[in-house]
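Engineer: here you go, sequence then predicted model.
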Amino acid sequence: MNESNEVYFREVQRFRQVWIWALILPISLLLIVLFGYGMLNQLVFDQPWGSKPMSDTGLAIFGSFMLLLGIGLLYLFYALKVVTEVRDDGIFIRYSFLSHQKISFEEINHYKVQTYNPIRDYGGWGIRYGKNGKAYNVNGNGGVQLKFLDGKQLLIGSQQPEELIQAIETQMKRYHLRE
């Protein structure tokens, strides 16, 4: 067995769909501009913000929270990514800071390229659960469906499903685990 842990396939996927940013960007900017303006007016220029203004302390706390929420949403969707790697010792899936999973080749019973409907089959994108088990997907409708010896299933969303399946196939054959 080779312990070099060489990477045979690597894919990094990010949330870069225009429709997601068309939703997130205006909401985040609205929060940042609105509460930034309100805090500046009331806390710096001493002009009450609104017809029933909050106390300065309340606005400082709540306004800061809303500013952080707006900035945090932008950062979250910019930074979120799924990294899929096929290595000597298994398939590794890392969903940013949220999840990390290693799949040993010994666990896999069957695998295939799969076209799916993210919303219908899994309820959207992200780390999702649906009628066909767990899914890691970021965009698109293609991936590799794994079936395990224990009957569970996992879909790995990919923009390069054919390359991913080829890397899995190569490693499965290498270890003579394929039936």
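Structural biologist: Okay, I see it. Residues are numbered from 1 along each chain as shown.
Engineer: what are the ranges of the helices in the chain?
Structural biologist: 18-39, 56-79, 118-122, 161-174 (DSSP state H).
Engineer: what is the rounded mean pLDDT of the third one?
Structural biologist: Going back to what we said before, that points to helix 118-122. For helix 118-122, the mean pLDDT works out to 91.
Engineer: any idea how far it is from the middle of the chain?
Structural biologist: 15 Å (CA atoms, centre = their mean, to the nearest Å).
Engineer: may I see the buried residues of that helix?
Structural biologist: By 16 or more other CB atoms under 10 Å, the buried positions in helix 118-122 come out as 118, 121, 122. (Glycine included, C-beta is placed from N, CA and C.)
Engineer: coming back round to it: relative to residue 104, which of the helices of the chain is closest?
Structural biologist: helix 161-174 (10.5 Å; CB to CB).
Engineer: closest to residue 133 out of the helices of the chain?
Structural biologist: Closest among the helices of the chain, using CB to CB: helix 118-122, at 9.3 Å.
Engineer: for the closest one, name the packing helices and strands.
Structural biologist: strand 126-130, strand 133-137 (3 or more CB pairs under 8 Å, 6 or more residues apart in numbering; DSSP states H and E).
Engineer: tell me what angle the first one forms with strand 133-137.
Structural biologist: What that stands for is strand 126-130. Interaxial angle of strand 126-130 relative to strand 133-137 (axes from the mean of the first three to the mean of the last three CA atoms, to 10 degrees): 160 degrees.
Engineer: let me see the mean pLDDT of strand 126-130.
Structural biologist: pLDDT averaged over strand 126-130 gives 89.
Engineer: quick one: contacts of it?
Structural biologist: 95, 98, 99, 118, 121, 122, 123, 134, 135, 136, 137, 138 (CB atoms under 8 Å, 6 or more residues apart in numbering).
Engineer: just the buried ones from these, in ChimeraX syntax?
Structural biologist: In ChimeraX syntax, the buried subset of the contacts of strand 126-130 is picked out as below (16+ other CB under 10 Å):
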select :95,118,121,122,134,135,136,137,138
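Engineer: okay if I get the contacts of strand 126-130 as JSON lines plus distance to residue 56?
Structural biologist: Listed next are those as JSON lines, based on distance: CB to CB, whole Å:
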{"residue": "95", "distance to residue 56": "41"}
{"residue": "98", "distance to residue 56": "37"}
{"residue": "99", "distance to residue 56": "41"}
{"residue": "118", "distance to residue 56": "46"}
{"residue": "121", "distance to residue 56": "50"}
{"residue": "122", "distance to residue 56": "46"}
{"residue": "123", "distance to residue 56": "43"}
{"residue": "134", "distance to residue 56": "48"}
{"residue": "135", "distance to residue 56": "47"}
{"residue": "136", "distance to residue 56": "45"}
{"residue": "137", "distance to residue 56": "45"}
{"residue": "138", "distance to residue 56": "42"}
